[in-house]
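**Student:** need a structure here:
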Amino acid sequence: MPEAASAPSLGTAAEHDDAFERRAERYRELLEARARRAEQIRQGGGPGRIEREHERGKLTARERIDALLDDPDDFHELGLFAGDEMYEEEGGCPAGGTVMGLGDVRGRLCLVVANDATVKAGAWFPITAKKNLRAQEIALENHVPILYLVDSAGVFLPRQDEIFPDKDDFGRIFRNNARLSSKGIPQIAAIMGSCVAGGAYLPIMSDEALIVNGTGSVFLAGPFLVKAAIGEEVDAETLGGAETHSEISGVTDYMVDGDEECLAKVRDLVGRFGERDKAGFDRAEPADPAFPPEEIHGLMPEGDNQPYDMREILARLIDAGSWSEYKEGYGKTLLCGYARLDGWSVGIVANQRAVVKAKGETGRAGEMQVGGVIYADAADKAARFIMNCNQKRIPLVFLQDVTGFMVGRHAEQTGIIKRGAKMVNAVANSVVPKFTVVVGNSYGAGNYAMCGRAYDPRLMLAWPSAKIAVMGGTQASKVLLSIRKRRLEKQGEALSEEEEEELLSDIEDRYEEQTTPYYAAARLWVDEIIAPAATRARLSRGLRMANLNPERERFNPGAIQT
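**Tutor:** As a prediction, this is how the structure comes out:
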């Protein structure tokens, strides 16, 4: 039996004063803006295209997923904002033309990937390939079964040069099909519409393939290309329809009538999976956080540089009474500690932006506002903590609100580069599952040290308040302005004060747009933008997913340079 939670080990009850309510209102506006954008994206190609799919006797991608899952409301979508505002000249590509996420099918956690035929007939844009590759990466890392609901017209030809030839382009998907099978990770593909050319390999390289009679088809070349290539005239059904591949070629394994029967068959197949070994990460009886997660809205600052105490945020995310802080009095610009999150044992590394009493960080005693900066002693502390979590096989959760590593004479003399490199080394060599949530700033090398996308977090999530860039907008804009001014000076030109202000404003606007979480999510730098209150559920689902992979690599602390 788990020990009963004691009194809250961190955090205090929030004072709902005017400042709290003002901050909460501002955050609610961010969430409402996210909800509006999300709802628009979920419309796919729009009502007209949805109606056309229904007229053809087909369900839409989202309707198919709803029918497949045990609980449609428990679907954790990933990559919803993929492609957002990236392909406006082509009419847009909502959600990258693919719906992807985690959900239970007959009690088994599965990753579902469904082509959205309402978006350019399910054609593959470059971001579509990237999103599908991300799905397969998740499946490979976590040994989670992957279910493909295939309905695609193939590569979007006007952008074929961006999707076809490179290492991480279209062909990588089929290589991953083979690797998933070699690892014994189940793949089931349902051919519920067109499946053309190279895309035909995806379902057929899966372990089992179903095809819907009358609407499903799969062939390397369609009727028009066959006519052009060899002069043969043949209709689509004869060339690659359900009867052809179920009764003549033997390419598919099951022929079904209609989408509903197809999805019921997939559920039946998943329900027959045998039990597999798991990683064995520790989980106790979950406990609610000490304080309501919704209070985070009123605790997050209105501005990038305003202080707040990350412990108060943690008190609204982790199980009450579960916090055990590591080196509490040392390296205060980072919080490191053991906690439970929905019962799961985790190690937490979080940036601290509160005003703290500092000694080692600055070389002198006193108070300072740390502003999310990582100092040398904090980097050293985090590296050691990460090694400890690997030694104990405890998954890691990173909460990012970081402006970078400290700079200046004292920082350099205390070895910020060496100690920062040590932290980056620890993150890079960590073999326990890592999860990252960008709650605020994610700038420069701080992004790397706090397990940014390049360091393979199993999931990387962002709150609507997140900002991701090489540096803050104000600093970057001034640097870019200086570069522009020097270039003009070399040409014998000069800016008036008004022109300089106008140019700076223009640069700031463009730079700020590129730092938004939507810009990042559109390019899959983060897997999803979520509400703070959803963080526990998302991370808990991720930990359950990571626990499916029983493979254990020995962590070698000697790989970290000291």
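**Student:** any weak-confidence spans in this protein?
**Tutor:** 1-8, 198, 356-371, 471-481, 485, 495, 499-500, 511, 552-562 (pLDDT under 70).
**Student:** for it, which helix is longest?
**Tutor:** helix 18-42 (DSSP state H).
**Student:** check which residues of stretch 431-440 are buried.
**Tutor:** Within stretch 431-440, the residues scored as buried using 16 or more other Cβ atoms under 10 Å are 432-440. C-betas here are computed from N, CA, C, even on glycine.
**Student:** need these in CSV (columns: secondary structure).
**Tutor:** As requested, the buried residues of stretch 431-440 are arranged in CSV below (DSSP: H, G, I helix; E, B strand; the rest coil):
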residue, secondary structure
Val432, coil
Pro433, coil
Lys434, strand
Phe435, strand
Thr436, strand
Val437, strand
Val438, strand
Val439, strand
Gly440, strand
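**Student:** quick one: secondary structure of Phe174?
**Tutor:** helix.
**Student:** equivalent analysis for Gly303, please.
**Tutor:** coil.
**Student:** for burial, what's the neighbour tally of it?
**Tutor:** 5 (other Cβ atoms under 10 Å).
**Student:** same deal with Leu239?
**Tutor:** Neighbours around Leu239, by other Cβ under 10 Å: 18.
**Student:** just Tyr455 next, same as before
**Tutor:** 19.
**Student:** hang on, isn't it packed against Asn429?
**Tutor:** No: the criterion here is Cβ atoms under 8 Å, and Tyr455 misses it with Asn429 at 10.0 Å.
**Student:** now do the end-to-end distance for stretch 71-87.
**Tutor:** Using Cα to Cα, to the nearest Å, one end of stretch 71-87 lies 33 Å from the other.
**Student:** what residues sit buried inside it?
**Tutor:** For stretch 71-87, by 16+ other Cβ under 10 Å, it's 75-84, 86-87.
**Student:** in contact with Gly216, which residues?
**Tutor:** Taking Cβ atoms under 8 Å, 6 or more residues apart in numbering as the contact definition, Gly216 lies against 191-193, 195, 241-242.
**Student:** pick out whichever of those residues sits closest to Ala339.
**Tutor:** Proximity of the contacts of Gly216 to Ala339 (Cβ to Cβ) peaks at Met192, which lies at 42.8 Å.
**Student:** strand partners (parallel or antiparallel) of the stretch of helix or strand that closest one belongs to?
**Tutor:** Taking DSSP states H and E as the criterion, Met192 maps to strand 187-195. With DSSP bridges as the test, strand 187-195 is paired with strand 146-152 (parallel), strand 208-212 (parallel).
**Student:** what's the offset of it from the middle of its chain?
**Tutor:** 25 Å (Cα atoms, centre = their mean, to the nearest Å).
**Student:** so for it, what gets flagged as buried?
**Tutor:** Quick answer for strand 187-195 (16+ other Cβ under 10 Å): 187-195.
**Student:** okay if I get those residues as CSV plus distance to Arg419?
**Tutor:** Supplementary listing: the buried residues of strand 187-195 in CSV, determined by distance: Cβ to Cβ, whole Å:
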residue, distance to Arg419
Gln187, 44
Ile188, 48
Ala189, 48
Ala190, 51
Ile191, 54
Met192, 54
Gly193, 54
Ser194, 55
Cys195, 53
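**Student:** widest-spaced pair of those residues?
**Tutor:** Counting by Cβ to Cβ, the most remote pair of the buried residues of strand 187-195 is Gln187 and Ser194, 19.7 Å apart.
**Student:** circling back to that earlier point, nearest to Glu328 among the buried residues of stretch 431-440?
**Tutor:** Val439 (20.8 Å).
**Student:** Val402 is in contact with the closest one, correct?
**Tutor:** No: counting by Cβ under 8 Å, Val439 stays clear of Val402, with 10.0 Å between them.
**Student:** tell me who's in contact with Thr118.
**Tutor:** Thr118 touches 44-46, 49-50, 52-53, 60-61, counting by Cβ under 8 Å, 6+ apart.
**Student:** quick check, nearest of those residues to Lys227?
**Tutor:** Taking the contacts of Thr118 together and measuring to Lys227 by Cβ to Cβ, the closest member is Arg52, at 25.9 Å.
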